[in-house]
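A.B. asks: Kindly return the folded structure for what I paste below:
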Amino acid sequence: MSVDDIRSSGRRSSLYAVTVEIGDRRIGGRIQDHSERGCRIRLDEPVRADDRTVMVVRAEQRAAGTIAWRSSRSIGVSFDTPPPEDMFAPSMRIDPSAPRPARSPRFRRPGLGQEAPMPGQVESGRQWSQGDPRFND
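C.D. replies: All right, here's what the predicted structure looks like:
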């Protein structure tokens, strides 16, 4: 039986910057995946073995929880109550009314896709092909 079979809610991958408050300490970290019941956080510094309760803070939203497991720099947090819905909403939104570029950028070499070659291209092609018997008339 895998861990995914045991979980009661599905995990969603994410990479959100958070601050974890443990007692009087504040530790930076990143949420690696989350669900409505908990999350996995990669921390910038390790937590102590006696740390149990945490407060996860992201974009002015807060969620209280308990450390369910720990490794050297990661913790699993089980939320005491479901976090606010917008806690895991993307922080960057695309404004549909924002102006679009006048034209899309072109990432092609000059001269490609033209009907007639540019003046210098014909001569450089002749110089390149000289000496190769496949190109001699």
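A.B. asks: Can you show me the helices along the protein?
C.D. replies: Here the chain has its helices, by DSSP state H, at 3-6, 119-129.
A.B. asks: rank those by pLDDT, which is bottom?
C.D. replies: If you rank the helices of the chain by mean pLDDT, helix 3-6 sits at the bottom with a mean of 47.
A.B. asks: so where is this protein shaky, pLDDT-wise?
C.D. replies: 1-9, 91-137 (pLDDT under 70).
A.B. asks: all strands of it, in order?
C.D. replies: 12-22, 25-34, 38-43, 53-58, 61-70, 74-79 (DSSP state E).
A.B. asks: how about these in CSV, adding mean neighbour count?
C.D. replies: Every residue, glycine included, has its C-beta placed from N, CA and C. Shown next, in CSV, are these (neighbours: other Cβ atoms under 10 Å):
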stretch, mean neighbour count
strand 12-22, 15
strand 25-34, 16
strand 38-43, 22
strand 53-58, 19
strand 61-70, 16
strand 74-79, 19
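A.B. asks: Any idea which of those strands gets closest to F88?
C.D. replies: Closest to F88 of the strands of the chain, according to Cβ to Cβ: strand 25-34, at 5.6 Å.
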